[in-house]
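# Structure here, sequence nowhere to be found:
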């Protein structure tokens with residue numbers, strides 16, 4: 001089994017991260033998207049080893065419950081891999097088309113291909129460029145490049 005997250009016993013043990021946006025009155029920050037997977041350890045290996053994302057959280061807060069969280073580089077929104085949370089249940093592989101916005105689509109494609117990820121050829125959809133890949137459970141991801149977002 002891989003390393004697990006230690007839950008802080010006291011709020012003073014939680015480091016302040018000035019890079020994260022403040023939660024202010026009226027804000028609705030989208031920060032976590034459930035990703036339905038069949039095998040947490042297999043999915044964790046894909047997101048860590050093949051995509052190269054850092055695992056932010058891996059904990060078991062109760063019997064039969066496990067929460068694993070990854071954040072793509074540079075993103076404020078993370079994905080959640082979990083078991084034992086009925087309110088998060090959805091069919092395995094049913095998440096579609098989550099977009100990862102990149103500056104250089106070909107460089108991003110080549111980086112993932114070099115890590116063993118099967119990535120589609122680039123598509124030009126009217127001036128917005130896409131390449132697609134799938135996780136081991138069939139959830140689909142889009143690499144998206146919008147040239148005007150320099």
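Right, received. Where do you want to start? Since we're looking at a predicted model, the values are computed, not measured. Numbering: from 1, shown residues only.

# helices and strands of this protein: which one has the lowest mean pLDDT?
Taking mean pLDDT, DSSP states H and E as the measure, strand 54-62 is the helix or strand of the chain with the lowest mean score, a mean of 94.

# Okay, now the sheet partners of that one, with direction.
strand 65-71 (antiparallel) (DSSP bridges).

# what's in contact with the partner strand?
Identification of contacts with strand 65-71 by CB atoms under 8 Å, 6 or more residues apart in numbering yields 32, 40, 43-44, 47-48, 51, 53-61, 77-85. For glycine as for every other residue, the C-beta is placed from the backbone atoms N, C-alpha and C.

# filter the residues you listed to the buried ones?
Among the contacts of strand 65-71, those classed as buried by neighbour count (16 or more other CB atoms under 10 Å) are 43-44, 47-48, 51, 53, 55, 58, 78-83.

# can you tell me which two in those are farthest apart?
51 and 83 (20.4 Å; CB to CB).

# where do the strands sit along the protein?
Counting by DSSP state E, the chain has strands at residues 32-34, 54-62, 65-71, 78-83, 98-101, 123-124, 129-134, 140-145.

# Run through who's touching the first one.
When contacts are defined by CB under 8 Å, 6+ apart, strand 32-34 is touched by residues 69, 77, 78, 79, 80, 82, 88, 90, 95, 98.

# nearest to residue 36, of those?
residue 90 (4.6 Å).

# contacting residues around the closest one?
34, 36.

# quick one: low-confidence ranges for the protein?
1-20, 150 (pLDDT under 70).

# Look up the closest residue to the residue nearest the centre of it, ignoring the ones flanking it.
Nearest to the mean C-alpha position of the chain, by CA atoms, centre = their mean, lies residue 79 at 3.9 Å. Using CB to CB, 6 or more residues apart in numbering and skipping the chain neighbours, the partner closest in space to residue 79 is residue 35 (4.5 Å).
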